[in-house]
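>>> What follows is a predicted protein model with its sequence.
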Amino acid sequence: MAFELDVSAAAAEEDLGDVSANEEAVAELQAAILEKLRYNVGKRRAIATDRDWLMATAIALRDKIVERWQAGNEITYQKGQKRVYYLSLEFLIGRLLFDNLNNMQKLETMRGALAGLNVDLDKLRALEPDAALGNGGLGRLAACFMESMATLDIPAYGYGIRYDHGLFRQVMKNGWQQEYPEDWLSLGNPWEFHRPEVVYDIGFGGSIEVVPISEAAVRHVWHPAETIEAVAYDTPSVGWKGRRVNTLRLWSAHAADPLRLDAFNRGDHVDALADQVRAASISKVLYPSDATPAGQELRLRQEYFFVSASLQDLVRRHIRTFGHVATLADKTAIQLNDTHPAIAVAELMRILLDVHQMPWDDAWRITQGTFSYTNHTLLPEALEVWPVPLMERLLPRHMQIIYLINALHLGAVRRTFPNDERLLSAVSMIDESQGRRVRMSHLAFLGSHRVNGVSALHTDLMRQTVFHDLHTVFPDRIVNVTNGIAFRRWLHEANPRLTRLLVSAIGPNVLDNEEHLTELRGLATDVGFQKRFAASRYMNKLALAEVVRRELEIRVDPSALFDVQIKRMHEYKRQLLNILEAIALYNAIRARPMDDWVPRVKVFAGKAAASYHQAKLIIKLIHDVARVINSDPTVRDVLKIVFLPNYSVSLAEVIIPAADLSEQISTAGMEASGTGNMKFALNGALTIGTLDGANVEIKERVGDDNIFIFGLTADQVADRRHHHGVDSGDIIAGSPMLAEVLSSVESGVFSPDQPDRYQGLVNALRYHDYFMVCADFDDYFATQRRIAELWRRPEHWWKCAILNTANVGWFSSDRSIREYASEIWNVPVHAPG
């Protein structure tokens, strides 16, 4: 690019941007760290390791947080405030040291305090493990929402599972993904508080006893065959400027009797621990494979385990505060984050009916008034269903309640829509089509007073597809709340260089209120500001290039266009389309090596589910293609392909600020929202994407000239599937470039050690291209060439980049939470700052 970057000015700005720490505050923090090192870690300064310093630093900061935490809880109790409970199987919170320092406004004070002790804060940051509590966007959204609820002064609890090993640690061996347990807890977690006194019994199996309590009424008593204990661990969730600190309460599973002493004394040492092993398996890993009946059962046990513990806990808290469960819906809002916690509807009914002896109608009114449900997907496989025999065996009382909810619901539908058997079958909670199965999404829908989608397009498609029939019966229940991201995490913390530039250009108010970002619009054509903006990006690209060199031993040019796709590996997200385009570009470069090609680095990262063979095969293809392209001397570093393993929040915090181009290329109509698209745009990356999920709303905000849209729309995808099927033979025949790419993949050009490795993959594209990779290929390739042309005109490129940052303030999770608060939860909010 013929565009002189003002890197020296960016570096100087970095120095000037540092706020000098108050000497008294520094000294106070130093003393606190040394005290924690001695009394909590049990080490002298002279022999302390970096890990010891990390623990002492975190605990010293945690003490400051606890003061705000306890004060906020006390106010909530005194005022009788309504609480929000966010139930999620994932909370992808990442590392907390810098997140908490930033939100507590103590980053520079801590840096100064540690520097005085000859300790490097950034080195400690790198030592902290990512909390292995999530997989992708669902868990990251939950973490952003927790931060925003605290920022907006909403009393809230997050409830989930304290996984010992999370999803898995991804290791690449010869391009194949290998899964290993995460060990994030092996050295302890300084942020959490173990609450051994907060423990609840969770039952499974057994029988139901019907006990008469009057001539006209009976009481149902569940006698579980197995009981497991849920033990609480609390982590403070800090809002901006420490205004409020909420609680993330995670449950760990333990056997009621950890050791069968009789078996142990008989010499059967393994069997003596069997109950503990079975119980502990519930909180061992996130998303155990459900490919076997045992795996299915473990998934259901996980979901009921954390739901039951959470509901018992919040009902206990409500009664302690307000005296009676009858007011639960007035003082409690429970948000179900996707379908995983849907069994909560039946569990709350069980608690109200069996434990508190409430009449059915009152219990159902309270349940519906308390719950709301967020749907995150239109993929049928993600809308959980459980075999009725499994449910009846594992949760017999809940199946009784589900049957009665369903009978009353179908009776009401039949009265409103008589003689419509198809509708009755569609809205029933029991799917009779492929063996009797419980539709958990229907249970969540019926038990909630509001059901929301997470982007405008997704919500419309919910009404038209997966919930079409329920929407017919309940036309006012579905609403939209478009997802958002925590700007404190994804701008202030992840990209401090850009943050300092923004503060110097438009003032510090931008830190408190995302709406101030619009003031950047006037600077979009200022060449001087463009150069400073570009220079901050270049510095971030240098940092990412160093990570690539260290992890992969590949050198990349930081002045090249960084083209990034980082997300969970799935066919609908179409990493395959991206790598096929890279092959086409490679072919073109080899055919015309003397052309003036725009240097490009394609960056991939993401995990495939352990049992998802096709996604793992695509990862292998990316590695095979990268090996060939990166070692071809004719390419001359014009094109590089890198796949960074073990994608995490911390890795995303390095990649996103360095990205020039954001790949949001899912099959239209299949991505509910996406939040990675928002993070990239906030940091000034341009988007190449389909009209899918929140891309539609990003396009509306940033303007058509500042985003690159290609491919079929959701309606066109549905139309092609309906009228033409999923055979792509005609498309391949009409695209010589695509035919050449597929031929090279199929024939083993990229897999000479196993020439037929990708024949099945290519055949799937030819004859069953459900995700429309072939249909969108030519348009995608042409759009990428338009992007390359824009890159050659830096004043235009950086104008577009600045306008992206300026116009995406609306996608803050603060805005999302304000909408939940006003439209769904009925709780007040207060402006941050």
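Thanks, I have it.

>>> Give the phi and psi angles for the most far-flung residue of the chain relative to its centre, as a check.
In terms of distance from the mean C-alpha position of the chain, Glu215 ranks first, at 51.9 Å (Cα atoms, centre = their mean). When quoted as degrees, to the nearest 10, the phi and psi of Glu215 stand at phi -70, psi -30.

>>> OK, contacts around the closest residue in space to Thr416 that isn't next to it in sequence?
Among residues not flanking Thr416 along the chain, Val473 sits closest, at 7.2 Å (Cβ to Cβ, 6 or more residues apart in numbering). No exception for glycine: its C-beta is placed from N, CA and C like everyone else's. The neighbours of Val473, taking Cβ atoms under 8 Å, 6 or more residues apart in numbering as the test, are 413, 416-417, 423, 427.

>>> Which phi and psi values does Val473 adopt?
Main-chain dihedrals, Val473, degrees, to the nearest 10: phi -80, psi -40.

>>> got it, and the one 5 residues further on?
Comment: the main-chain dihedrals of Ile478 come out as phi -90, psi 130, following degrees, to the nearest 10.

>>> Surely it and Gln464 touch.
No - counting by Cβ atoms under 8 Å, Ile478 stays clear of Gln464, with 10.6 Å between them.

>>> ok, these two, which is more surrounded?
Taking neighbours as other Cβ atoms under 10 Å, Ile478 and Gln464 compare with Ile478 leading, 20 against 14.

>>> partners of the more buried one in the sheet?
Val451 (DSSP bridges).

>>> so Val345 is in which element?
Here Val345, judged by DSSP states H and E, is contained in helix 344-350.

>>> Just the CA trace of the helix or strand following that helix, in PDB.
Once helix 344-350 ends, the next helix or strand along the chain (criterion: DSSP H and E) is helix 360-370. Provided in PDB are the C-alpha atoms of helix 360-370 (Å, rounded to 0.1, in the frame of the first residue of the first chain):
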ATOM      1  CA  TRP A 360     -51.800 -25.900  39.400                       C
ATOM      2  CA  ASP A 361     -53.200 -22.700  37.900                       C
ATOM      3  CA  ASP A 362     -51.300 -20.500  40.300                       C
ATOM      4  CA  ALA A 363     -48.000 -22.500  39.800                       C
ATOM      5  CA  TRP A 364     -48.400 -22.200  36.000                       C
ATOM      6  CA  ARG A 365     -49.100 -18.500  36.200                       C
ATOM      7  CA  ILE A 366     -46.000 -17.900  38.300                       C
ATOM      8  CA  THR A 367     -43.900 -20.100  36.000                       C
ATOM      9  CA  GLN A 368     -44.900 -18.300  32.800                       C
ATOM     10  CA  GLY A 369     -44.500 -14.900  34.500                       C
ATOM     11  CA  THR A 370     -41.000 -15.800  35.700                       C
END
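
>>> For the helix or strand that helix 360-370 is followed by, what is the distance to the chain centroid?
Moving toward the C-terminus from helix 360-370, the next helix or strand (DSSP H and E) is strand 371-374. A distance of 17 Å separates the centroid of the chain from that of strand 371-374, by Cα atoms, centre = their mean, to the nearest Å.

>>> Spatially central, which residue of this structure would that be?
Most central in the chain (Cα atoms, centre = their mean) works out to Gly137, at 2.4 Å.

>>> Contacts only, for it.
376, 567-568, 673-676 are the contacts of Gly137 under Cβ under 8 Å, 6+ apart.

>>> Which of these fall within helices?
Gly676 (DSSP state H).

>>> Highest neighbour count among the contacts of Gly137?
Result: Ser673 is most packed of the contacts of Gly137 (other Cβ under 10 Å), 28 neighbours.

>>> these two touch, right, that one and Thr482?
Yes - Ser673 is within contact range of Thr482, at 6.5 Å (criterion: Cβ under 8 Å).

>>> Give me the common contacts of those two.
Common neighbours of Ser673 and Thr482 (Cβ under 8 Å, 6+ apart) are 454-455, 694.

>>> May I see these organised as TSV, with distance to Asp153 added?
Listed next are the shared contacts of Ser673 and Thr482 as TSV, based on distance: Cβ to Cβ, whole Å:
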residue	distance to Asp153
Val454	24
Ser455	27
Ala694	26
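
>>> With neighbour count, distance to Leu712 and secondary structure added, can I get those in a markdown table?
Below are the shared contacts of Ser673 and Thr482 laid out as a markdown table (neighbours: other Cβ atoms under 10 Å; distance: Cβ to Cβ, whole Å; DSSP: H, G, I helix; E, B strand; the rest coil):
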| residue | neighbour count | distance to Leu712 | secondary structure |
| --- | --- | --- | --- |
| Val454 | 29 | 22 | coil |
| Ser455 | 23 | 18 | coil |
| Ala694 | 28 | 18 | coil |
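
>>> which of the residues you listed lies closest to Val638?
Ala694 (32.6 Å; Cβ to Cβ).
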